[in-house]
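Visitor: Structure of the sequence below:
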Amino acid sequence: MRSFCLIITILFSSILSGQNFKGRITDSKGEPLHGSFVYIKEINQGLACNDEGYYQTTLKEGSYTTEFKCLGFKSIEKAIEIKGNEPTIVDISLKESPFNLSEITVSAKEDPAYAIIRKAIEKAPLYASAAKEYKAEAYIKVNAELLKTSSFIDMIAKKGEGIKLSEFKDQLFMQESFNEIHFTAPDKYKQTVKAFSSSIPDNMNPEGAMGLMTSSLYNPKMGMFVSPLNPKAFSYYKFRYEGFIDEEGLNINKIKVDPKFKDPILFDGYIYIADNTWHIHSAELATNAFGIKQDYKISYQELDTNLYLPITYIMDADINFLGIGAAMNYYASLTYKDIKLNKDIVESSINKKESKKRNFEIAVRDSLYSITSDSLANKRDSAYWTNIRIVPLDKREIASLQKKDSIQIHLDSTRRAYNNKSFSWEDLISGGQIGRDSSKITFTYNGLMRGLLLHEYNFVDGLWMGQSIS
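Guide: Okay, here's the model as predicted:
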């Protein structure tokens, strides 16, 4: 990968829609609901909405049961009929459904949240191990914008290739990919990148597409972060009960998660746990590590008996380090197929309390995660993307894709004209020397830079891969 775009990649690491099922989710005032999504029951498909509340997908002809959801709002179930390529447009307005505290008595001895979290921790190993095998399709879209940069970074960039990072300030970059995932218990993942597109210069290697991590909120840790359902969670977090809502006859408990001490490996935010089953309904969690603040919205769905898997992810990030400021948005929508349950584990848990000594924890090893790319991944035409793109592009994203060739031409011509061989961006990223003379300057953010570049800096549940890509 070329020099200038290592920094861009670290930060941000046909136009007409042809989908036959589309629409928009808003509140009662017509405002878009951030974090809203659609679930299609018959095909186990989740559809994340964009910032304006729009969703879309392509469905085979037939009848479907759809659910329109957003945390804090009453979900709506609707039957739809798909007839060939004829568009079915469903716009939904959701009514607010506040969390109820009136039936709960909070004693001075212990907050009710602790009893709920204990039960969720007890069940977590079961839910982490319920799937024996499955296949999934994942559509992932990321957009990012450089908001500010320091004169120091500009000086280094100018010395390196004659290009200032500030030249790209207030420009939106985007990347999208369509992936096939094959999971085999306990911890083997195979990811195939079927399609990849990016407006980030020099970033047309499809194997650089973001993928799914081999981790879960049900596991003790997710990458570098400690799960609220870690067996030792009470040593890391304080919990507070903030009410419940009724969803189709099931009480969903809202639990505030507060770290007991300031540490970049700890979350804060909310986790939503269902009564009786004690599975994760959804999560709104945030991290703040090394100048990168990330807010996650993760939605789970029951796909089979005791099998609860994420169907949509939405992540917003504010990046502020080394005088560089940037914003990033991440969307992922998943469709699960060919699910096979780990029946021994699932059946042993039905109507039977789990033994505290039993341990289904999955040990994740990098060697069991493989990623390959279809030879046509970065050659897909607009018709292909029109068919598989789930999160609609907005005007700025469309413009970003349209400008990518002109930006690449500008970068290439500037490099040829400047051609300073005394400096390597690889030195900067790896924390090495600036220049090849006696001047030795080491970046204090070496660990973060290297972690972001090699994908060792983990986002929750696969927002950023937990392994380097070779």
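
Visitor: can you count the residues close to the nearest residue to Ile153 once chain neighbours are set aside?
Guide: With sequence-adjacent residues excluded and distances taken as CB to CB, 6 or more residues apart in numbering, Ile153 is closest to Leu165, at 5.4 Å. In this view, the C-beta of every residue, glycine as well, is placed from N, C-alpha and C. By other CB atoms under 10 Å, 21 other residues sit near Leu165.

Visitor: next one: Ala115
Guide: As a burial measure, Ala115 scores 12 neighbours (other CB under 10 Å).

Visitor: which of the residues in the helix or strand encompassing it are buried?
Guide: Using DSSP states H and E, Ala115 maps to helix 112-129. Residues 112-114, 116-117, 120-129 are the ones in helix 112-129 that count as buried (16 or more other CB atoms under 10 Å).

Visitor: circling back: hmm, Thr149 and the residue nearest to Ile153 touching each other?
Guide: Yes: with contact defined as CB atoms under 8 Å, Leu165 counts as touching Thr149 (4.6 Å).

Visitor: any common contacting residues for these two?
Guide: Ile324 (CB atoms under 8 Å, 6 or more residues apart in numbering).

Visitor: show me where this structure has helices.
Guide: 3-12, 112-129, 151-161, 233-236, 343-349, 382-388, 395-418, 425-429, 446-453 (DSSP state H).

Visitor: Compare the mean pLDDT across those and name the weakest.
Guide: Mean pLDDT per stretch puts helix 446-453 lowest among the helices of the chain, at a mean of 34.

Visitor: Give the burial count for the residue nearest to Lys256 when sequence neighbours are not counted, as a bare number.
Guide: Of all residues not flanking Lys256 in the chain, Arg240 sits nearest, at 4.1 Å (CB to CB, 6+ apart). Neighbours of Arg240 under the rule other CB under 10 Å: 15.

Visitor: Check Asp304 too.
Guide: For Asp304, using other CB under 10 Å, the count is 16.

Visitor: again, but for Asp381
Guide: Count around Asp381 with other CB under 10 Å applied: 9.

Visitor: From Thr58, how far off is it?
Guide: 16 Å (CB to CB, to the nearest Å).

Visitor: now Ala274
Guide: Applying CB to CB, the value for Ala274 to Thr58 is 31 Å.

Visitor: Can you pick out the residue with more neighbours from those two?
Guide: Between Ala274 and Thr58, counting by other CB under 10 Å, Ala274 is the more crowded of the two (21 against 17).

Visitor: Tell me who's in contact with the more buried one.
Guide: Neighbours of Ala274 in contact, by CB under 8 Å, 6+ apart: 250-253, 280-281.

Visitor: any idea which of the residues you listed has the most stuff around it?
Guide: Highest neighbour count within the contacts of Ala274: Ile280, with 26 neighbours (other CB under 10 Å).

Visitor: State the distance from Ala289 to Ser227.
Guide: Counting by CB to CB, the gap from Ala289 to Ser227 is 15 Å.

Visitor: So which of these two has more stuff around it?
Guide: Counted by other CB under 10 Å, Ala289 and Ser227 do not tie: Ser227 has more neighbours, with 27 against 16.

Visitor: So for that one, what's the pLDDT?
Guide: Confidence score, pLDDT, at Ser227: 96.

Visitor: Pretty sure it sits against Tyr237.
Guide: No: at 9.7 Å, Ser227 does not count as touching Tyr237 under the criterion of CB under 8 Å.

Visitor: Nearest spatial neighbour of Ser151, chain-adjacent residues omitted?
Guide: Excluding the flanking residues, the one nearest Ser151 by CB to CB, 6+ apart is Gly323, at 7.8 Å.
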